[in-house]
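> Got a predicted structure plus its sequence, pasted below:
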Amino acid sequence: MAAKNITAFSFTSPAATGAISGTDISVTVPTGTDVTALVATFTHTGASVAVEGVAQTTAVTANDFTDPVVYTVTASDATTNEYTVTVSVSYVSVAMIAQLRRMTAEPTTTTYSDALLISMIEAYPHIDEWGEGPTDDDGVWNDDWFPTYDLNATAADVWQDKAGAVAVKFDFAADGGNYSQSQQYEQYMKQCRYYRSRRLPSTVRMVQSPTEYSETTSDDYWIANLPESD
């Protein structure tokens with residue numbers, strides 16, 4: 001049977017790379033993205049690709065991703081394979097990603113893609129300026145929460161990750177010169193500690209239990225020692 005697979009899928013504007021799992025492709029884009037006319041860049045092993053009968057050209061054809069879109073890959077022997085592409089809009093904004101790139105000296109997507117930075121930012125949701133958190137006391141999503149994230153904590157994670165990548169470097173002398181490569185690791189960790197120390201303060205909401213008795217509570221409440229039996 002002839003090959004008919006999608007092997008890579010991404011968007012250029014905004015920059016976002018799809019995660020392929022079987023015939024499912026998921027892509028996360030920043031908040032504010034217009035998903036009604038996204039142009040996908042993809043590679044495949046088939047003879048052609050179509051969406052609802054419309055031929056698709058990589059980096060050219062636009063589609064509306066408000067709902068999942070099915071890409072049909074047709075092989076040279078006329079057999080087909082369908083891939084479902086689902087686009088999710090993150091609460092992380094383009095401005096947040098740009099700010100994080102400035103904080104971490106990562107202006108390009110070579111090492112840290114926008115999708116990767118979005119996932120790292122989403123690890124640190126924070127209480128907004130009105131005291132609302134992303135979830136309520138029962139863990140249910142709070143629609144009143146204004147998307148707020150701790151970029152300092154995220155930046156610290158990025159710098160620590162970068163430090164780990166150069167941790168194997170060491171100082172040495174050669175040809176009459178001294179090479180202090182370990183300084184790169186030390187500088188990265190210095191930046192990590194800098195941003196880690198500037199994390200946003202955390203607030204914990206405490207709920208008293210059991211509830212104290214009042215005129216508005218049920219008579220079933222009893223906050224005291226139980227009477228001793230005769």
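Looks like it came in fine. Since we're looking at a predicted model, the values are computed, not measured.
> Could you chop the chain up by domain?
6-91, 123-196 (automatic domain parsing).
> List the residues that contact residue 157.
Applying C-beta atoms under 8 Å, 6 or more residues apart in numbering, one finds that residue 157 lies in contact with 120, 123. All C-beta atoms are positioned from the backbone trio N, CA, C, and that covers glycine.
> Figure out how far the helix or strand where it lies is from the centre of its chain.
Assessed by DSSP states H and E, residue 157 sits inside helix 151-165. In terms of C-alpha atoms, centre = their mean, to the nearest Å, the centre of helix 151-165 is found 15 Å from the chain centre.
> Ok, stretch 117-133 next?
11 Å.
> what's the average pLDDT for it?
Taken as a whole, stretch 117-133 has a mean pLDDT of 92.
> Next, the contact list for residue 84, please.
23, 24, 25, 68, 69, 70, 71.
> Just the ones of the residues you listed in strands?
24, 25, 69, 70, 71 (DSSP state E).
> Any chance of the residues you listed in TSV with neighbour count, distance to residue 114 and pLDDT as columns?
TSV is the format used below for these (neighbours: other C-beta atoms under 10 Å; distance: C-beta to C-beta, whole Å; pLDDT from 0 to 100):
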residue	neighbour count	distance to residue 114	pLDDT
24	13	21	98
25	23	17	97
69	19	20	98
70	13	25	98
71	22	22	98
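> picking up where we left off before, show me the one of the domains of the chain that comes nearest residue 112.
domain 123-196 (6.9 Å; C-beta to C-beta).
> farthest pair in the contacts of residue 84?
Among the contacts of residue 84, 23 and 69 lie farthest apart (C-beta to C-beta), at 12.7 Å.
> center of this structure - which residue?
Averaging the C-alpha coordinates of the chain gives a centre point, and the residue nearest to it by C-alpha atoms, centre = their mean is residue 119 (1.8 Å).
> give me the number of residues near residue 41?
By other C-beta atoms under 10 Å, 14 other residues sit near residue 41.
> Could you verify that the residue nearest to the centre of the chain is part of a strand?
No. With DSSP: H, G, I helix; E, B strand; the rest coil as the criterion, residue 119 is helix rather than part of a strand.
> where's it relative to residue 109, distance?
Remark: distance between residue 119 and residue 109 (C-beta to C-beta, to the nearest Å) = 14 Å.
> can you check residue 135 too?
Taking C-beta to C-beta, one finds residue 135 at 31 Å from residue 109.
> who's more crowded, these two?
Set residue 135 next to residue 109 and count neighbours by other C-beta under 10 Å: residue 109 wins out with 16 against 12.
> so where is the protein shaky, pLDDT-wise?
171-179, 203-227, 230 (pLDDT under 70).
> buried set for the longest strand anywhere in the chain?
Identified as the longest strand of the chain according to DSSP E is strand 80-93. With burial defined by 16 or more other C-beta atoms under 10 Å, the residues of strand 80-93 counted as buried are 81, 83, 85, 87, 90, 91, 92, 93.
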